[in-house]
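Visitor: The sequence isn't on hand, but the structure is:
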C-alpha cells in the first residue's frame, strides 16, 4: 500500500459563531488549509472528499458534501458526508487515507464541520442527544453528560478516582487552550473554580464538560509520490485504527473502559509498528474530563485506574510522560461534533512541523489522535509521524 | 416533601386478593401522583400476585393498552378467575386483583394505605403534571431523536419483563443535562437520579430512580412501571426503579 502524508491543514476559529453557516465555516477552514501549503502551486482541486458532520439542528441533512465543496475549486469531485456522531471526521480521515493507500485517489480531502449554536435551547438539547441511545437512554432522562457521569462514578468506585483528578484535566486543558488562538475558551481556570462549578450530572460539574461549538477543519491527504508538489516537510499518517461497540453504555461489559478505543488503538499501533511508549503527544477525545482519564488508560499510556493520579501529578502535561491535548482539547479548544476529529489532526500537523508556537511540545515526533463517537460506540485512532 | 419523591405505594397481597393504592394523599384522601395511574397500579398488582405469562385475567373498568398485556404476558379472558378492577373507596381509588365475581370490601385496605401514604404537595404535583405534558414531539423535531409511539411501546414491553437487579452506577441529572423532553419536568421537579442497573439475568439498563432516598452502588432494585411524560396527546410510560 502507498504511504499517506498530511501536507496541509486548517481550521476555522472554534467558538460561538451563530452568524456563520456551516458552509461559511467550512470555507474558512478550507482557506486556512490552502494557506498552509508550503509550495503554493496547488490548483485547489482534490480527487475526492470525505466530510464529517452530524448535521446538527437538521441543517441541510441531505447532500451536504456538495454544499460544502461548491465554494471551492474542487466542485465536481466525488464527495460524501461521513456521519459517526462526534467521530465523524475521524472516520473521514480513515476513509480518505484508505482511498489514497489503495490508489483510488492521489489527493484527498478529509474534513469536518458543525454549527451548533444558532438554535434554541430545546433544539440544541434535542440534537445533543441524537447520537446516544434514543430508545432507552434518552427515555430514561439521560443525555451525554449523564452517561459520562455514570462512567465517572463507576471509575471512582472501582479505582478511587476523585473530583480533584477530574479538575486536573480541566485546568490543564484550559491552560493549553489559552495558548491556542483558534480555541473557543481561551481562559485559564483554577482547581478551586473547577471544583466549585455547578453540578451538571453528578459527579460531573460544569468545568468537566465541553461546550457547544461552531467550527470546521480541513485536511489534505496525499499519496507519497505527490508530496513533493506540496511540501518538503509532510506529516506521515502511519497508523490507522477504528472500531465500534454497543450504542448504549448499559449494554457494554465495562463501564470504566471504552472497548472501541482499546480495539482501535491496537489496530493503529500495529499498522504503525509503534507502541504507546513511542507517542510524544496525543489529542484525545475529552468531551468530559472523565473521558480523557479513561482514554489515556485505554490507549495504553497508563495502567487502568492510574489516569487520575497521572493527571494530578502533571504526567499528561508539557514535560510529562505524554502531552495530552496541547491544543486545549475538546474541553477548551471546543467540540464542533463532526469537525472535532479533523481539528485534532490540525493540531498534530502544527506540532509535528514545529509550528505550534507557545504550545509546542518539545521534540514532538510521534502523535496520536483519538476521536470517539457518542459514549464510545465508534472510535477512530490515528498515528502521525514527523518527516525523519 | 420533595416533589416527586415518595415512599412506595401501598400494596396488600393475600392469597386471593391483591390491592395497590396510590402512594400520595391530599388531606384525608388518596390520589394518583403525576407518574402513577390505574395502568401502573394494575402492573403492580399482577406482579405482587406472581401471575405468570399466559395466565388468564379479566379486566373490568380498566382501560389497559395492548402493550400492557404484551408486557405482562397475561391473557385477557372474559371467563378468567382472576379479575382486575378499579375500585373507588371512601378515601380514594385502588386497583384490585381478586378471584370471584364480587368485588371484595377494600375500604379497610384503603384506610390502611392512607396511613402510610406520603402527604401530597398539591401545587407541586400540579406543576409536575403540567411539566410532564407538551413535550417536544415529531412535528417539532422531525429529524431528531424522536422515538415513535409504537416503537417506544415495543421497547417498553421488553423492559417490563426485566427481573430485579443491582445498581452498577448512578448519576443526578441537573440543569443542562436532561433531554429536551424532560427539561420542563426537571425544572419543576429539580435534579433527578438515573440508575444503571445490572439485572439478575445479566442484562444492563438505565432508568429514572423512583426511590425516596438517593441510590447507592450495589443496592438491590426492582423495576416498576411509571408514567414518564405526555407526548402527542398521550402518556408515555416507562420503567423506573425502586429499592427491592
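Guide: Happy to help now that I have it. Every value quoted in this text rests on a predicted model; they were computed, and no experiment measured them.
Visitor: Quick one: neighbours of the residue nearest to residue A:223 when sequence neighbours are not counted, just the number.
Guide: What sits nearest to residue A:223 in space, not counting adjacent residues and going by CB to CB, 6 or more residues apart in numbering or on different chains, is residue A:106, at 4.6 Å. Any C-beta I mention is one placed from the backbone N, CA and C, and that applies to glycine too. When neighbours are counted by other CB atoms under 10 Å in any protein chain shown, residue A:106 registers 18.
Visitor: now swap in residue A:223 and tell me
Guide: If you count neighbours by other CB under 10 Å, residue A:223 ends up with 19.
Visitor: wouldn't it be in contact with residue A:7 here?
Guide: No: in this structure, residue A:223 is not within contact of residue A:7 by CB atoms under 8 Å, at 10.3 Å.
Visitor: Give me the domain ranges for chain A.
Guide: A:4-119+A:212-235, A:139-206+A:237-386 (automatic domain parsing).
Visitor: and stretch B:54-71, how far from the chain's centre?
Guide: In terms of CA atoms, centre = their mean, to the nearest Å, the centre of stretch B:54-71 is set 15 Å apart from its chain centre.
Visitor: The longest strand along chain B: partners in the sheet, and parallel or antiparallel?
Guide: For chain B, the strand that runs over the most residues, judged by DSSP state E, is strand B:220-231. Applying DSSP bridges, strand B:220-231 is found paired with strand B:165-173 (antiparallel), strand B:234-243 (antiparallel).
Visitor: show me the contacts for residue A:67.
Guide: A:22-23, A:60 (CB atoms under 8 Å, 6 or more residues apart in numbering or on different chains).
Visitor: Could you confirm it falls within a strand?
Guide: No: in this structure, residue A:67 is helix, not part of a strand, as judged by DSSP: H, G, I helix; E, B strand; the rest coil.
Visitor: residue boundaries of the helices in chain A?
Guide: Remark: helices of chain A, listed N- to C-terminal, are A:22-35, A:64-69, A:88-102, A:121-128, A:144-159, A:163-177, A:191-196, A:259-272, A:289-298, A:307-312, A:329-332, A:340-352; assignment by DSSP state H.
Visitor: on that earlier part again, was I right to think the residue nearest to residue A:223 contacts residue A:221?
Guide: No: here residue A:106 lies out of contact with residue A:221, judged by CB under 8 Å, at a distance of 9.7 Å.
Visitor: shared neighbours of these two, anything?
Guide: Joint contacts of residue A:106 and residue A:221 (CB under 8 Å, 6+ apart) are residue A:100.
Visitor: can you put the strands paired with strand B:220-231 in CSV and add distance to residue B:140, mean pLDDT and mean neighbour count?
Guide: Rendered in CSV, the data for those read as follows (distance: least, CB to CB, whole Å; pLDDT from 0 to 100; neighbours: other CB atoms under 10 Å in any protein chain shown):
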stretch, distance to residue B:140, mean pLDDT, mean neighbour count
strand B:165-173, 21, 97, 23
strand B:234-243, 15, 94, 21
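Visitor: and the residue lying closest to residue A:356 once chain neighbours are set aside, how many neighbours?
Guide: Beyond its immediate neighbours in the sequence, the residue positioned closest to residue A:356 (CB to CB, 6+ apart) is residue A:350, lying 4.3 Å away. Burial of residue A:350, expressed as a neighbour count using other CB under 10 Å, amounts to 20.
Visitor: next one: the one 5 residues further on
Guide: By other CB under 10 Å, the residues close to residue A:355 number 11.
Visitor: Next one: it from residue A:235, what distance?
Guide: Separation of residue A:355 from residue A:235 (CB to CB, to the nearest Å): 11 Å.
Visitor: Now do the same contact list for residue A:318.
Guide: Residue A:318 makes contact with A:326, A:361-362 under the criterion CB under 8 Å, 6+ apart.
Visitor: From those, pick the one nearest chain B.
Guide: Checking these against chain B by CB to the nearest CB gives residue A:326 as the nearest, at 28.0 Å.
Visitor: quick one, what contacts the residue lying closest to residue A:376 once chain neighbours are set aside?
Guide: Spatial nearest neighbour of residue A:376, excluding adjacent residues (CB to CB, 6+ apart): residue A:258 at 3.7 Å. Taking CB under 8 Å, 6+ apart as the contact definition, residue A:258 lies against A:245, A:294-295, A:298, A:372, A:375-376, A:379.
Visitor: one more time with 7 Å
Guide: When the contact criterion is CB atoms under 7 Å, 6 or more residues apart in numbering or on different chains, the partners of residue A:258 are A:294, A:298, A:372, A:376, A:379.
Visitor: what about the spatially closest residue to residue A:187 that is not a sequence neighbour, neighbour count?
Guide: Setting aside the residues directly before and after it, residue A:187 is nearest to residue A:178 in space (CB to CB, 6+ apart), at 6.1 Å. The criterion is other CB under 10 Å. On that basis, residue A:178 has 17 neighbouring residues.
Visitor: related to what we said a few turns ago, how far does the longest strand of chain B sit from its chain's centre?
Guide: Put simply, strand B:220-231 sits 5 Å off its chain's centre (CA atoms, centre = their mean).
Visitor: As a markdown table, the domains of chain A with mean pLDDT would be great.
Guide: Listed next are the domains of chain A as a markdown table, based on pLDDT from 0 to 100:
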| stretch | mean pLDDT |
| --- | --- |
| domain A:4-119+A:212-235 | 96 |
| domain A:139-206+A:237-386 | 98 |
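Visitor: can I get those in TSV with distance to residue B:92?
Guide: Shown next, in TSV, are the domains of chain A (distance: least, CB to CB, whole Å):
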stretch	distance to residue B:92
domain A:4-119+A:212-235	45
domain A:139-206+A:237-386	29
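Visitor: what about stretch B:22-41 and chain A, any contact?
Guide: No: no part of stretch B:22-41 sits close enough to chain A to count as contact by CB under 7 Å from any CB of the partner chain; the gap is at least 11.9 Å.
Visitor: What are the buried residues along that stretch?
Guide: For stretch B:22-41, a neighbour-count test (16 or more other CB atoms under 10 Å in any protein chain shown) marks B:22-25, B:29-41 as buried.
Visitor: Right, I'll call it a day here.
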